[in-house]
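Student: using only what follows, build the 3D model:
(chains A, B, C and D)
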Protein chains: 2
Amino acid sequence: MYEKKIPKDLSCGLNIAIEVIGGKWKANLLANINKGMKRPSELHKSIPQASARVLNQQLAELEFHGIVSKKIFNVLPPKVEYSLTEGGKDVLEVLYSMKSWGEGYKKTFHDIIKYEGEIH
Amino acid sequence: MYEKKIPKDLSCGLNIAIEVIGGKWKANLLANINKGMKRPSELHKSIPQASARVLNQQLAELEFHGIVSKKIFNVLPPKVEYSLTEGGKDVLEVLYSMKSWGEGYKKTFHDIIKYEGEIH
DNA sequence: CCGAATCCTCGGCGATACTG
DNA sequence: CAGTATCGCCGAGGATTCGG
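Tutor: Numbers count the residues shown, from 1 in each chain, chains lettered A, B, ... in the order given. From the prediction side, this is the model:
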């Protein structure tokens, strides 16, 4: 279910990082979980661009990789909460690094995107 | 050519980082360029899992976003070299962060993958 | 060697409906 | 509310060809 068809060189730490947190929405999910949004419906609200189904898949992979843990409450209506594992908290450093760079790059980026809009 | 269909919230630095360097092979390309592999054929050899065409697309996006610059030599046979721009060098910090985390996570990761192989 | 153009395949993802 | 199953579309990306 979680097999990747493309055999990357997984002896390199960079590739492992890409594999584990490089998914389309994984960094966002982790950031939101860290902010305290733990339930699937909350996460979906904060990332409406992706369907609940896809977010579930990404969360399942994160859980499989040991980055988040899933707690299921047997109540009605059902309740599920995700949280970062101890090991998962280490990836926050990576997220901070990405966010920090992105903030600094924001102006340049938006200038480029604006230009792109004009030539279209 | 470079438009993204999915409108993310681009006011967040994290999303910008994902947008610019989150492509499937971009981090690898940047790492290899930084290592001194500058020609398309070299890059393709170092990342044989992706076709030359796809690598070209990713490089074009990196160039469009101002992370790498492309130098074309008008000689026969043709010669092209990519290099990091001044601004592009800043992303190396992010790559280091990812690689560092990945190295630390390597053992756990491979244990999980191994287990996955067994249950298949 | 570089890369544009073409064709074609395949799987990611949305939509919907259903169960617990 | 959470999660699975099914269907169908669309586009990313591989393979190939050609031109410079």
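
Student: wait, is residue A:108 part of a helix?
Tutor: Yes: counting by DSSP: H, G, I helix; E, B strand; the rest coil, residue A:108 falls inside a helix.

Student: how many other residues sit next to the closest residue to it other than its chain neighbours?
Tutor: Distances taken as CB to CB, 6 or more residues apart in numbering or on different chains place residue B:66 nearest to residue A:108, at 6.2 Å, with adjacent residues excluded. Where you see a C-beta, it was placed from the backbone N, CA and C, and this is true even at glycine. For residue B:66, the count of nearby residues is 17 (other CB atoms under 10 Å in any protein chain shown).

Student: close to DNA strand C: what parts of chain A are there?
Tutor: Chain A has residues A:5, A:24, A:49, A:50, A:51, A:53, A:54, A:57, A:77, A:78 near DNA strand C, with proximity defined as CB under 7 Å from any atom of the strand.

Student: which one of these has the most neighbours?
Tutor: Neighbour counts for the residues of chain A next to DNA strand C peak at residue A:50, which has 19 neighbours (criterion: other CB under 10 Å).

Student: just the element for the residue of chain A found nearest DNA strand D, please.
Tutor: Using CB to the nearest atom of the strand, the single residue of chain A nearest to DNA strand D is residue A:41, 3.0 Å away. Element membership of residue A:41 [criterion: DSSP states H and E] is helix A:40-46.

Student: which other helices and strands contact that helix?
Tutor: In terms of contacts (3 or more CB pairs under 8 Å, 6 or more residues apart in numbering or on different chains; DSSP states H and E), helix A:40-46 is packed against helix A:26-35, helix A:52-64, strand A:79-84.

Student: where does pLDDT dip in chain A?
Tutor: Residue ranges of chain A with pLDDT under 70: A:1-7, A:115-120.

Student: got the residues of it near DNA strand D?
Tutor: Applying CB under 7 Å from any atom of the strand, one finds that chain A approaches DNA strand D through A:39, A:40, A:41, A:52, A:53, A:56, A:70, A:72, A:77, A:78, A:79, A:80.

Student: how about the residues you listed in a markdown table, adding distance to residue A:100?
Tutor: Converted to a markdown table, the residues of chain A next to DNA strand D look like this (distance: CB to CB, whole Å):
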| residue | distance to residue A:100 |
| --- | --- |
| A:39 | 28 |
| A:40 | 28 |
| A:41 | 30 |
| A:52 | 30 |
| A:53 | 32 |
| A:56 | 29 |
| A:70 | 29 |
| A:72 | 35 |
| A:77 | 39 |
| A:78 | 37 |
| A:79 | 34 |
| A:80 | 31 |
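
Student: ranking these by neighbours, who comes first?
Tutor: Going by other CB under 10 Å, residue A:40 tops these with 18 neighbours.

Student: my guess is that residue contacts residue A:78. True?
Tutor: No: using CB atoms under 8 Å, residue A:40 makes no contact with residue A:78, being 9.6 Å away.

Student: so for chain B, which of the helices and strands packed on helix A:40-46 sits nearest?
Tutor: Across the helices and strands packed on helix A:40-46, chain B has its closest neighbour in helix A:26-35 (5.8 Å, CB to the nearest CB).

Student: got the contact list for that closest one?
Tutor: A:20-21, A:42-43, A:46-47, A:55, A:58-59, A:61-62, A:67-68, A:82-84, A:88, A:91-92, A:95, A:98-99, B:14-15, B:18, B:22 (CB atoms under 8 Å, 6 or more residues apart in numbering or on different chains).

Student: which strands or helices does the helix or strand that residue A:15 is a member of pack on?
Tutor: Per DSSP H and E, residue A:15 falls inside helix A:13-21. Packing contacts for helix A:13-21, counted by 3+ CB pairs under 8 Å, 6+ apart, involve helix A:26-35, helix A:91-119, helix B:26-35, helix B:91-119.
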